[in-house]
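Chemist: Turn this into a structure:
(2 chains)
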Amino acid sequence: MHTVDGIGWGGPVDGMNDRQNPVRVLEDNKQNGYHYLRLFGNFFADVKILQNLTFRSNVGIDYGSNTSRNWQKKYQSGYLVNDVNRVINRQSNSVKTTWSNTLNYNLVMDKHRLDVLGGTEYYVEDFSEFMASREGYILEDPDYMYLDAGTGLKDNEGFGAKHVLLSYFAKANYSYLDRYLLSATLRYDGSSRFGENNRFGTFPAFSAGWRISEEAFIKNATSLFDDLKLRFGWGMTGNQEINNNAIYNIYLANYDFTSYDINGNKSGVLPSGVFLSQNANPDLRWEATSMSNAGIDFSFLNQKLYGSVDAYLKKTSDILLLPPYIGTLGEGGNKWVNGASMENKGLEIVLGHRGNINEDLKLDITANLDIVRNKVTHLPDEVVNAYGGDGRGQNILGRTLDSYFGYVADGIFRTQQEVDEHANQPGKGMGRIRFVDLNGDGVINDFDRTWIGVPIPKFTYGFNAAVNYKNFDLSFFLQGIGPVDVNNEFKIYTDFWSAIESSSNKGARLLDAWSPSNPNSDIPAASLTDDNWEARLSTYHIENGTYLKLRNAQIGYTFSKELLNKLKMQSLRIYVGGDNLGILYKSGSYTGLDPENPGFGYPNPLVVTAGVNVRF
Amino acid sequence: MKKIVENRYKIILMIWAMAMVSSCSNVLDVGPRGALNEDQVSNPEQAEGFVIAAYSQLGNDEMNRSFSMYQYGNVRADDAYKGGGGINDGDVFHFMETFTTSRPDQWNYDVMWYNIYVGIRRCNEGLRILDKFTEDEYPLVAVRKGELRFLRGYWYLMLENLFKNIPYIDEHVAVDDYKLVLNNEFTRDEILEKIAADFEYAVEVLPATQPQVGRANRIAAYAFLAKTRLFQAYEQSASHAVSNINPTRLEQVVAAADQVVASGYSLQPDFANNFLPGSYENGMEALISVQYSANDGVTSSGGGDTRGRVNFGDILTVPQGIGCCDFQKPSQTLVNAFRTNANGIPLLDNYNQQNVDFAIHTVDPRIDHTVSRPGAPWKYEPNRVVTTSWSRATAIYGTYNSMKENVSPDCDCFINIAPFFGNTKARIMMRYANVLLFKAEALIELGRQDEALPLINEVRSRAAASTERLVQANGQPTSNYAIDQYVPGENIVWNQENARKAMRFERRLELALEGERFFDLMRWGIADQTLNAFFNAERGTRSIYQGANFTKGRDEFLPIPQNQIFWSENRYVQNPGY
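Modeler: Numbering: from 1, shown residues only, chains lettered A, B, ... in the order given. Below you'll find the model as predicted:
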C-alpha cells in the first residue's frame, strides 16, 4: 500500500494491472461529502361556503439544496501520477411547488354518508445545478482549498430542468349503514412532458365494499367475526416518468464533443457546433396501468385470527421507453417511445394473531405471502428487440419482463474425447465450459441462445413477531423469497482469472478451479485469456437466489414501577437488537455471499444497537 | 362588517381558484432547457456549427477506439504487438491480433462501428441543413458542403476498409429508414465509388488553400481521392481475394496524385519534422491533420479533468518510463525490416531470417524516428536514454516503443490526464509521402515502373537526409546508418516484380506505425501469407502468437458486430467465415 518510507503510495508492479491503489483512493477521498438542506411547508386557507361545503386552497413548497466541495489531491502511486490538485464545488437547487384547490362536500343523512371532493392541482418542479472548479492549490488543507485560493485552470458546468403537471380530479365516497361502501374517482392529468395532442390522460377508478359482518344474518347468527368485509376495486393510473425533453427534436451544443481547434491555435476558446441528440416524438402519450382487485378482510374471535386475502390483475400498457437503436443513426438515434404492454397477476395473503396466552405471556404475530406473475402481452414492432432476444424472432413477448437471454452451460469438458466430440466451439478445451448447441448446427454461436432465467421470485414472504413475557419483550422480523433466477454477476470475479480485469484480486473459489490434478471441480480451469468467452451470459452465471433472512430482532427489559418510583422515573427500558442479523437460508447452488445483492461482493451491513429508554 | 370582510375573502379565493382552472393547459408548454430545435439551428451562422461539429468527431476518439487505427492498422498487422500490462489487458485486441479467437460480439468492433457512424451522421445532418441555403444567403455553402463530403468520404473509407459490407447512408435517407438500409445493398466497388464521388465533389468546390489550417482543402481531397481509387483498383471477390487490378482506376490514382504533386506541398527536408510538435505541426508534408488542443475549456472524458482535447486515441501508447501504459509495441519483425545491406538497400527477401544487431548491422535511419529501444535516445534527446524499465511486460511484448505519435515529456504539449499522458501534437491524416507512394504503386501496377522509380527514390533520399537529429550524447550516430536510392542494374534489377517488392517495402518503412499496414496487406491480397509467415517467425519468442493463425477469406475484414445484426432485426448479413 505504501512505499518503503511508509509515506508514499505504492503503485502497480510488473504483472499487476494498472488499477489505482484502493487505500490511496479511500484516503484521498475521505474528506469528500455533501450537505443536503431541505425546507418544506404549506399554507392553506379554508372557506366554509355552506354548512357542508368547504373550499380549500393549499400552496406547498418543497425546497432542496445540495452543496459539496470535493477535492482531488495530487498523488504519485508508482507510474500512476496526478500532479495537479483540484477543488470542485457543486450546488443544486430544486423547488417543487404544489398549488391545489379543492371543494369538499359532506352529507350525513340518516343512514347515508356522502363525501364528495373536487379540485385542481398544479405542480411545478424547477431544478438547476452548477459546478465550478479550479486547479492549483499550495496547500491540501480544508481551510485553504477554496476556489479563490486556486491558481490553475477554472472550469464550470450547469444544468436546468423544469416540468409541470396540471390535474383536475373528483372523488366521491358513499356508504350506507357503514355496511355498503362505494367510492369513485376521476382524474384528468396533464403533463408538460407530452405533446399537445396527448398531454392529458383520463384515469378513472372505483371501488366497492360490503361489510358482511354488519349484516343482521351474520350478526345475529354468530359472534365469531369481529370484522368481515368483501372488497372489489378497479382503477387506472398514469405514469409520465420520462425525460423532460422527451417529445422534442433536440440539438445540443455540447462544447466538449462539438468543439474543434480549426484554427490550430492549440489552446483558448474553440469554435464549436451542435449535433442532433434526439428525435421528436410528438405522439408520445401517458403510460397507463389498470388494476382490478378483489379482496376480503377478516378478523375472528377478538383478533385470534385476522388478515386479508387479495387477488389482483394489473395491466400496464404503452410502457415508456428510450430504446437502444441501430448504430448507423449515430448520436441522433434517441427517441422516446411507448413500448410494450405487460400484465401482472398476483395474490397477497396476510394472516395475524394477537392474544394473551396468560397474564405474563402476550403474542402478536403476522405473516404474509405474496405471489406475482408477470408477462409481456404486447410488443409493438418498433421495440421488438428492445427487451432482449436474438433479433431473429425470439423476443420477450409472452415472457416475464427482464428475463435473461443467453447460452446454456453444460458443465465442463473433462476429457479430450468430450472436447473432440463437441460442436465447433471457439476456445473449447479441457477444463473449459461446454455450451449447448441448441440449434444443432455443429457450431456454438449467437444462434445458440435462449431464455435462461426469470428474475421474479416464485413467491415472497415475511413473518413478524412480538412476544412479551413479564418484563421482557422480544420482537423479530423474518423475510424471504422463494426460488428466483439471479445473475450472479460477482461470479465473474470469484470463478475466473481472465473473464474480467485479470491480474487483480480474485475470489477464493478460483483456487478450486479445474485442473488435471483437480478433475472433479465444476469451476473452469484458470486461463490467461478468456478464449472460450466464459464471461458471456450463460446458465453458469444464473443461480437460485432463494433466501430467508433475519432482518431485525430486538430484546428488551422494562423495569418495574416500584423500582422506578424510587428513582423518580416514569419508565425505564433497556434493549439490545440489530438489523441484517443473518441469512438463515440460501440455496445451496448459490455461490456468492448474499443472493439479495448478486452483483455485489459485500453483504448488507450488520447493525447492532443497544439502548436505554428513560422517561421522567 | 365582519360578514362583508369574510365574503370578500371568499370572493378573492374563488377568483384565485378560477384563475387557475382557466389558465389551463398553456402552463404545460414547457420547452426543453439548454437545447435547440431544428428551426433554431437552421441559419447560416449555426450551420457553420454543424461543420465544426463534424470536424470535432475526428478528435472524439478514445483509447479503446482510436481513429489513428493503431490497433486496426498496426497491432492487427505485423508491425506491432498489443502491449500493455499483459496478454489480457484489453484482451479483445489480443483476440484481434491473433485472429483465431476473434468474435463478432467483441465490444471493440461494435464501438468502432458506432463511432464512425457518429462521424457520418454529423456530416449527413450538416449536409441536410446546408441544403436549405442558397449561395446568396450563405456564400460559403458550397465550400462547407465540400468539407462535409470530404469528411464523410474519410469516415466511409475507414469503415469500408474495416468491415467491407456496410450500409451506405447519405443525407437523403429519412431517419425511420436507417435501419432498413442493408449492408449487402452495395458491393465494395460500389461503396468505394460513392466514397470517390464525395472526394470528387470536394475537389470541385474546395479551394487550394483554406484560411484555417484545420479545414480540408482541394489538395487533401485529391490525396484521399487517390487513396480511394487505389483501394478500388484492387477488385475483390466475395471472399476478399484480389480478382483483378483495374487499370482505369490506376490511371485515376495517377491523375489525382499528380494534382497533389503539382501543389505547393512537398516532403519535409527532415523526416523528423512530421513527428515533432510546435511549429512543425501542419507542415508542408501534412495535407490534413487532426487538431488537438489544451487549456481550451473542454472537460474531457467523464468530467475528470479540464486539460482539453488531447490525442485520447493514442493516450495508451506512452511508454512507462515517461507515463502510461506501454501499448503498441513495435514487433521484432518490423525492426528487422529496417536493416540494410552494405549498399544501403533493404533485405527485401530475407530481412527476417536474423534479428538485427545494432552493433554490427546497418539500418535505415527511419528506424530511429519510428521505434525506440533500450540504450537509444527517446525522441531526438541524446540525454534521455530509454531503458528496459520503460517497458511493462517485457517477457511478453519486448522492449521497443512507438515514437511517431509520442513527444518529449518536457514538451508543454505533453498533458497529464491522470493517470495517463496525452499530447496535443496534430496527427497527420494524410502525408505527402503517402501520396507519392500511391502514385508509385499505381504506376508499377500499370507496368510503368520506370516512372515509379524516381518517386520511391525521392522518399528514400529524404530518409537518407534525416540523420541530423539521430545522435547520442557522445555525438555519435544512434545507429549505423546506410541507405541509398535504388539504382537499376547496380543494386536492383528494376522489373515490375522487383519494383512492386521495393515499393511495398518502402511503404512499410516510410509509413510504419501510422495505421496503414494492415490495410495495405488487405489491398494487395497478401494479408494471409504475410501474417502467417510473421506468426511462424515470431512464435518461438512471442508466446502470444502460439495459436495465432490468419484465415484467408475471413480475417481480411472484421466481423459485422453482432449487436448491429441484432438491431437490424437480422437484416444485416455477417461477413464470410464468421
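Chemist: Tell me where the model's unsure across the stretch 301-450 of chain B.
Modeler: Within the stretch 301-450 of chain B, the segments meeting pLDDT under 70 span B:301-306.
Chemist: which bits of it sit near chain A?
Modeler: Contacts of the stretch 301-450 of chain B with chain A, taken as C-beta under 8 Å from any C-beta of the partner chain, map to B:303, B:305-309, B:320, B:323-325, B:392-393, B:413, B:416, B:418-419, B:424, B:426. All C-beta atoms are positioned from the backbone trio N, CA, C, and that covers glycine.
Chemist: Just the ones in strands from these, please.
Modeler: B:Asn416 (DSSP state E).
Chemist: Who are the contact partners of A:Gly391?
Modeler: Residues counted as contacts of A:Gly391 (C-beta atoms under 8 Å, 6 or more residues apart in numbering or on different chains) are A:385, B:565-570.
Chemist: switch to 10 Å and redo it
Modeler: Contacts for A:Gly391 (C-beta atoms under 10 Å, 6 or more residues apart in numbering or on different chains) come out as A:384-385, A:446, B:562-572.
Chemist: quick check, nearest of these to A:Ile7?
Modeler: Distance to A:Ile7 across these (C-beta to C-beta) is lowest for B:Asn563, with 47.7 Å.
Chemist: SS state for the closest residue in space to that closest one that isn't next to it in sequence?
Modeler: Take B:Asn563 and drop its neighbours on the chain: the residue closest to it by C-beta to C-beta, 6 or more residues apart in numbering or on different chains is B:Asp110, 4.7 Å away. The three-state label given to B:Asp110 by DSSP: H, G, I helix; E, B strand; the rest coil is helix.
Chemist: Wait, B:Asp110 touches B:Phe163, no?
Modeler: No. Distance between B:Asp110 and B:Phe163: 11.0 Å, which falls outside the contact criterion (C-beta atoms under 10 Å).
Chemist: Show me whatever sits in contact with both of these two.
Modeler: B:560-561, B:564.
Chemist: Intersect the residues you listed with the contacts of chain A.
Modeler: Contacts with chain A are made by B:561, B:564 out of those, judged by C-beta under 10 Å from any C-beta of the partner chain.
Chemist: Please tabulate the shared contacts of B:Asp110 and B:Phe163 in CSV and include secondary structure, distance to A:Val436 and pLDDT as additional columns.
Modeler: Formatted as CSV, the shared contacts of B:Asp110 and B:Phe163 follow (DSSP: H, G, I helix; E, B strand; the rest coil; distance: C-beta to C-beta, whole Å; pLDDT from 0 to 100):
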residue, secondary structure, distance to A:Val436, pLDDT
B:Ile560, coil, 25, 98
B:Pro561, coil, 24, 97
B:Gln564, helix, 26, 96
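Chemist: Tell me the one of the shared contacts of B:Asp110 and B:Phe163 nearest A:Leu548?
Modeler: Using C-beta to C-beta, the shared contacts of B:Asp110 and B:Phe163 come closest to A:Leu548 at B:Pro561, 43.6 Å.
Chemist: burial count for the closest one?
Modeler: Using other C-beta atoms under 10 Å in any protein chain shown, B:Pro561 has 24 neighbouring residues.
Chemist: Would you mind confirming that it makes contact with B:Tyr109?
Modeler: Yes. Counting by C-beta under 10 Å, B:Tyr109 is a contact partner of B:Pro561 at 4.8 Å.
Chemist: Mutual contacts of these two, please.
Modeler: Counting by C-beta under 10 Å, 6+ apart, the residues touching both B:Pro561 and B:Tyr109 are B:Phe163.
Chemist: Residue ranges in the chain under the pLDDT threshold?
Modeler: Since no chain was named, I'll use chain A. Checking chain A against pLDDT under 70 turns up A:14-16, A:18, A:601.
Chemist: wrong one, I was asking about chain B
Modeler: Where chain B drops to pLDDT under 70, the residues are B:1-11, B:13-14, B:16-25, B:300-306.
Chemist: Grab the most central residue of it for me.
Modeler: Centroid check for chain B by C-alpha atoms, centre = their mean gives B:Ser68 as the closest residue, at 3.2 Å.
Chemist: Could you measure from the residue of the stretch 301-450 of chain B at minimum distance from chain A over to A:Lys73?
Modeler: Of all residues in the stretch 301-450 of chain B, B:Ala418 sits closest to chain A, with a separation of 3.3 Å (C-beta to the nearest C-beta). B:Ala418 sits 11 Å away from A:Lys73, going by C-beta to C-beta, to the nearest Å.
Chemist: about what we covered before: may I see the PyMOL selection of the buried members of the residues of the stretch 301-450 of chain B next to chain A?
Modeler: Filtering these down to the buried ones (16 or more other C-beta atoms under 10 Å in any protein chain shown) takes a single PyMOL command:
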select buried, chain B and resi 305+306+307+308+309+320+323+324+325+392+393+413+416+418+419+424+426
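Chemist: Enumerate every residue touching the residue nearest to B:Asn563.
Modeler: A:327, B:65, B:104, B:560-564.
Chemist: now swap in A:Lys154 and tell me
Modeler: A:Lys154 sits next to A:132-136, A:147, B:297, B:306 when contact means C-beta under 10 Å, 6+ apart.
Chemist: Could you pick out which of these are located in strands?
Modeler: Residues of the contacts of A:Lys154 located in strands (DSSP E): A:132-135.
Chemist: related to what we said a few turns ago, and which of the shared contacts of B:Asp110 and B:Phe163 is nearest to chain A?
Modeler: Nearest to chain A among these: B:Gln564, at 5.1 Å, using C-beta to the nearest C-beta.
Chemist: I'd say the closest one and B:Tyr572 touch.
Modeler: Yes. Counting by C-beta under 10 Å, B:Gln564 touches B:Tyr572, with 6.0 Å between them.
Chemist: Now the residue of the stretch 51-200 of chain A found nearest chain B. Nearest residue, chain neighbours left out?
Modeler: Residue of the stretch 51-200 of chain A nearest chain B, by C-beta to the nearest C-beta: A:Asn82 (3.3 Å). The shortest distance from A:Asn82 to any non-neighbouring residue, by C-beta to C-beta, 6+ apart, is to B:Ala418 (3.3 Å).
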